[in-house]
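Undergrad: here is a sequence with its predicted model. Questions after.
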Amino acid sequence: MLAFIIIYAVLLILAGALIGRKAKSASDFFVAGRKLNSGLLFTTLIAANLGAGSTVGVTALAYRYGLSAWWWIGSAGIGSMILAFIIGPKIWRIARENNYYTLSDYLDKRYSKLFSGLLSLMMSVGTLALFAGQLLGIAWILEVTAGIPKTYGVITGAVVTTLYFAAGGLLSSAVVNIIEVAVILAGFIVALPFVWSYSGGLEGIRTHINNASYFDFYGMGSTLITGYIVMLVPSFFISPGLIGKVFAAQDERAIKIGTALNGLVQLIFAIIPVLIGMAAFAAFPELSRPDLALPTAMKEMMPFSAASLALAAIFAAEVSTADTVLYMLAGSLTNDLYKRFINPEISDKNLLTGSRVVSVICGLAGVVLALRLESIISALTIFYSLMSVSLAAPLVFGLFTKRASNSGAILSAVMGIALTLFITFYESESGSVNLFIWTLDTVNHVVDFGFARLNASTCGIIFSFVIMLLSIIFLPKRER
């Protein structure tokens, strides 16, 4: 199995390098020359969205909570539909008219250089957590299949992803994603019947699990489900990485078809890792950590040939999302921060070179962070929380009302993030704040308001929208 994954990884690097030779400009690197048709847009979006969270992470959630883990990917699918028909076409037209490469380019003009820079800086921190989550997914695969320690697995994932992405940016990843999507979907479609049969189907699982809520679509509880919906639905229509890919579309029709198909596949795919996680819990209830559920199920519950394809599918899922994350980081640090604030006159050639260098540096930083995080879902929750809280309200109000002001955007982002971090890390018993505990329970910290129990990200997002709404009333944008 390890040999199969190694061969596949080498093919990805070679394909990325070959295509990367065509990336001659920053436009090719960041928006693929604005040439993506609906098919290419679909593959690059679905490859980005079916990553560590949607595979290893959701299987781990299902291992722990059962059927209700569907809400993680389901919420992402709903957000993708909003991107397809509401946010995507509108912001694409603006980007096309003004030759924007990144979401931050738009925010710079809509609000201010200060706001876009502040957001890019915050997003860089959160995006590193997302990248680390993908590296953890790769590490768990290699640990189960070949006994490779976590540290070496994380490094391997970073090397593969960084090499093929740095070669050609979005142009490379968009084409390589075609291979990855084919492997991901084929692997999981093949895996489910074997795993389900091994566990004896629904009745077989019920004989091993005596917990009615495990089979309930709302079993994990309204607090967690609400938190995932509030956090993930906006994340998938405001993500700088996903909007950057939309900027690369050749026309609005490509956006609507490609993005909507991506959302539909997410909604259907969502049940597969959930069922695999439930079957894995019935067969292996004593795993040392839930993140091992998916690779263990595919190794132990399937014949060798099918297991090899399935494990390659997981590897493809993590790598395909990791390249999107590097794309976001490269855009934030080079185009959005370095070019905008330090060297506005940088040449197109030097921007391209700098983006490749930054991709490599971010790969190294991702390795360091991955070794500190406990689980994939905790890593992804950090990213999605920071992104939704800081960006959702300014982007939505900025697109649909002229009254949204720069002051309101900054207040909304800063105060929303401050509240989220406080609730996440505040320890009520000791009255202290601990910023060095990054566990699933920490990022899902709940506040009981009496009439409702809300987690930190839900509180932060609601608060940011309230602040933005109040700013429209009391601090509206002044017409010049």
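TA: Received it, and whenever you're ready, just let me know what you need.
Undergrad: how far off centre is stretch 260-280?
TA: Distance, stretch centre to chain centre, for stretch 260-280: 15 Å (CA atoms, centre = their mean, to the nearest Å).
Undergrad: buried sites along it?
TA: 260-267, 269-280 (16 or more other CB atoms under 10 Å). (Each C-beta comes from the backbone N, C-alpha and C, glycine too.)
Undergrad: now swap in stretch 50-58 and tell me
TA: Leu50, Gly51, Ala52, Gly53, Ser54, Thr55, Val56, Gly57, Val58.
Undergrad: show me where pLDDT drops low in the stretch 151-300 of the chain?
TA: For the stretch 151-300 of the chain, the stretches with pLDDT under 70 are 164-177.
Undergrad: which stretches of it form helices?
TA: Along the stretch 151-300 of the chain, counting by DSSP state H, counting those that start in this stretch, helices occupy 201-208, 222-238, 240-247, 252-269, 271-283, 293-300.
Undergrad: and the angle for the third one with helix 222-238?
TA: Helix 240-247 runs at 40 degrees relative to helix 222-238, counting by axes from the mean of the first three to the mean of the last three CA atoms, to 10 degrees.
Undergrad: what's helix 240-247 in contact with?
TA: 30-31, 34, 36, 41, 44-45, 48-49, 83, 87-88, 91-92, 95-96, 100-104, 123, 127, 170, 174, 236, 255, 259, 324-325, 327-328, 331-332, 387, 391 (CB atoms under 8 Å, 6 or more residues apart in numbering).
Undergrad: related to what we said a few turns ago, tabulate the helices of the stretch 151-300 of the chain (TSV), appending distance to Ile184.
TA: Output for the helices of the stretch 151-300 of the chain, formatted as TSV (distance: least, CB to CB, whole Å):
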stretch	distance to Ile184
helix 201-208	24
helix 222-238	18
helix 240-247	17
helix 252-269	9
helix 271-283	10
helix 293-300	13
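Undergrad: quick one, which of the ones you listed is nearest to Arg340?
TA: In terms of CB to CB, the element of the helices of the stretch 151-300 of the chain nearest to Arg340 is helix 240-247, at 14.2 Å.
Undergrad: rewinding a little: keep only those of the buried residues of stretch 50-58 that are in helices.
TA: Val58 (DSSP state H).
Undergrad: between the buried residues of stretch 50-58, which is nearest Met415?
TA: Gly53 (27.1 Å).
Undergrad: separation between His454 and Ala47?
TA: No, residue 454 isn't His; it's Leu. 33 Å (CB to CB, to the nearest Å).
Undergrad: give me the distance between Arg96 and Phe237.
TA: Taking CB to CB, one finds Arg96 at 18 Å from Phe237.
Undergrad: who's more crowded, these two?
TA: Phe237 (27 against 16; other CB atoms under 10 Å).
Undergrad: if we can go back for a sec, what subset of the contacts of helix 240-247 is buried?
TA: Applying 16+ other CB under 10 Å to those flags 30-31, 34, 36, 41, 44-45, 48-49, 83, 87-88, 91-92, 95-96, 100-104, 123, 127, 170, 174, 236, 255, 259, 324-325, 327-328, 331-332, 387, 391 as buried.
Undergrad: so which of the helices of the stretch 151-300 of the chain comes closest to Val396?
TA: helix 222-238 (7.7 Å).
Undergrad: what is that closest one packed up against?
TA: Packing partners of helix 222-238 (3 or more CB pairs under 8 Å, 6 or more residues apart in numbering; DSSP states H and E): helix 70-82, helix 376-400, strand 453-455, helix 456-474.
Undergrad: the inter-axis angle of that helix versus helix 252-269?
TA: Using the same axes, to 10 degrees: helix 222-238 against helix 252-269 is 160 degrees.
Undergrad: so for the nearest residue in space to Phe281 that is not next to it in sequence, what's the pLDDT?
TA: Spatially, and ignoring its direct neighbours in sequence, Phe281 is nearest to Tyr63 (4.7 Å; CB to CB, 6 or more residues apart in numbering). Listed pLDDT for Tyr63 reads 97.
Undergrad: helix or strand: which one has Tyr63?
TA: In this structure, Tyr63 sits in helix 58-65 according to DSSP states H and E.
Undergrad: before we move on, what about Gly117?
TA: Using DSSP H and E, the element containing Gly117 is helix 113-146.
Undergrad: for the stretch 301-450 of the chain, give me the ranges with low pLDDT.
TA: In the stretch 301-450 of the chain (pLDDT under 70), the answer is 320, 323-324, 327, 426-445.
Undergrad: which stretches of it form helices?
TA: 304-330, 348-370, 376-400, 406-425, 440-443.
Undergrad: as JSON lines, those with distance to Val190 would be great.
TA: Formatted as JSON lines, the helices of the stretch 301-450 of the chain follow (distance: least, CB to CB, whole Å):
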{"stretch": "helix 304-330", "distance to Val190": "5"}
{"stretch": "helix 348-370", "distance to Val190": "29"}
{"stretch": "helix 376-400", "distance to Val190": "23"}
{"stretch": "helix 406-425", "distance to Val190": "39"}
{"stretch": "helix 440-443", "distance to Val190": "29"}
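Undergrad: returning to that earlier point: hmm, Gly277 and the residue nearest to Phe281 touching each other?
TA: Yes. Counting by CB atoms under 8 Å, Tyr63 touches Gly277, with 4.4 Å between them.
Undergrad: quickly list what's touching both of those two.
TA: In contact with both Tyr63 and Gly277: Pro290, Ala293, using CB under 8 Å, 6+ apart.
Undergrad: picking that back up, of the helices of the stretch 151-300 of the chain, which is nearest Ile155?
TA: helix 293-300 (17.8 Å).
Undergrad: and the closest one, what does it pack onto?
TA: helix 58-65, helix 113-146, helix 150-198, helix 271-283, helix 304-330.
Undergrad: okay, angle between the fourth one and helix 304-330 too, please.
TA: Going back to what we said before, that points to helix 271-283. Using the same axes, to 10 degrees: helix 271-283 against helix 304-330 is 120 degrees.
Undergrad: and helix 271-283, how far from the chain's centre?
TA: On CA atoms, centre = their mean, the centre of helix 271-283 falls 22 Å from that of its chain.
Undergrad: tell me how far the helix holding Tyr63 lies from the chain's centre.
TA: 17 Å.
Undergrad: which residues does it contact?
TA: Looking at what lies outside helix 58-65 - CB under 8 Å, 6+ apart - the contacts are 69, 72-73, 214, 219-220, 224, 270, 273-278, 280-281, 287, 289-291, 293-294, 297, 375-377.
Undergrad: which elements pack onto the helix holding Gly117?
TA: With 3+ CB pairs under 8 Å, 6+ apart as the test, helix 113-146 has helix 2-20, helix 103-110, helix 150-198, helix 293-300, helix 304-330, helix 348-370, helix 376-400, helix 406-425 packed against it.
Undergrad: pull the distance from the fourth one to the chain's centre.
TA: So that's helix 293-300. That offset, for helix 293-300, works out to 23 Å (CA atoms, centre = their mean).
Undergrad: next one: the fifth one
TA: The chain centroid and the centroid of helix 304-330 are separated by 13 Å under CA atoms, centre = their mean.
Undergrad: and the pLDDT at the closest residue to Gly331 other than its chain neighbours?
TA: In space, and not counting its chain neighbours, Gly331 is closest to Thr102: 4.4 Å by CB to CB, 6+ apart. On pLDDT, Thr102 comes in at 84.
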